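**Student:** next one to model:
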Amino acid sequence: MDVAVQAARNAGIPKERIFLLEGALPGYTTMTALVEMGKLYKEGEQAKSWKVPRGKKNDDVCAFLSFR
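**Tutor:** Presented below is the predicted three-dimensional model:
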């Protein structure tokens, strides 16, 4: 985490924007917590779900996640 926090700081990314994919550490938001927060949004306030098109595989499509 020390390396990730320093890299984020060097890139101008605040600590509040660092999310843990696994585990938990005090002061950091986990992916599980983000999912639970997302469930609180009303219908129409969330992005529509997306699935890999039939006949395609993950490596056939390009993905981009943008969090703000």
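
**Student:** any stretches of the chain with poor pLDDT?
**Tutor:** Within the chain, the segments meeting pLDDT under 70 span 63-68.

**Student:** Q6: neighbour count?
**Tutor:** Neighbour count of Q6, defined by other CB atoms under 10 Å: 10. The way it works is simple: take the backbone N, C-alpha and C, and place the C-beta from them, glycine included.

**Student:** helix, strand, or coil at it?
**Tutor:** In three-state terms, and counting by DSSP: H, G, I helix; E, B strand; the rest coil, Q6 is helix.

**Student:** can you map out the helices along this structure?
**Tutor:** 2-10, 31-39 (DSSP state H).

**Student:** of all those, which one is nearest E45?
**Tutor:** helix 31-39 (9.4 Å; CB to CB).

**Student:** export the closest one as PDB, just CAs?
**Tutor:** Listed next in PDB are the C-alpha coordinates belonging to helix 31-39 (Å, rounded to 0.1, in the frame of the first residue of the first chain):
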ATOM      1  CA  MET A  31     -14.900  -2.800  -3.600                       C
ATOM      2  CA  THR A  32     -17.600  -4.500  -1.500                       C
ATOM      3  CA  ALA A  33     -18.500  -1.200   0.100                       C
ATOM      4  CA  LEU A  34     -18.600   0.500  -3.300                       C
ATOM      5  CA  VAL A  35     -21.100  -2.200  -4.500                       C
ATOM      6  CA  GLU A  36     -23.200  -1.600  -1.400                       C
ATOM      7  CA  MET A  37     -23.200   2.100  -2.000                       C
ATOM      8  CA  GLY A  38     -24.200   1.600  -5.600                       C
ATOM      9  CA  LYS A  39     -27.200  -0.400  -4.500                       C
END
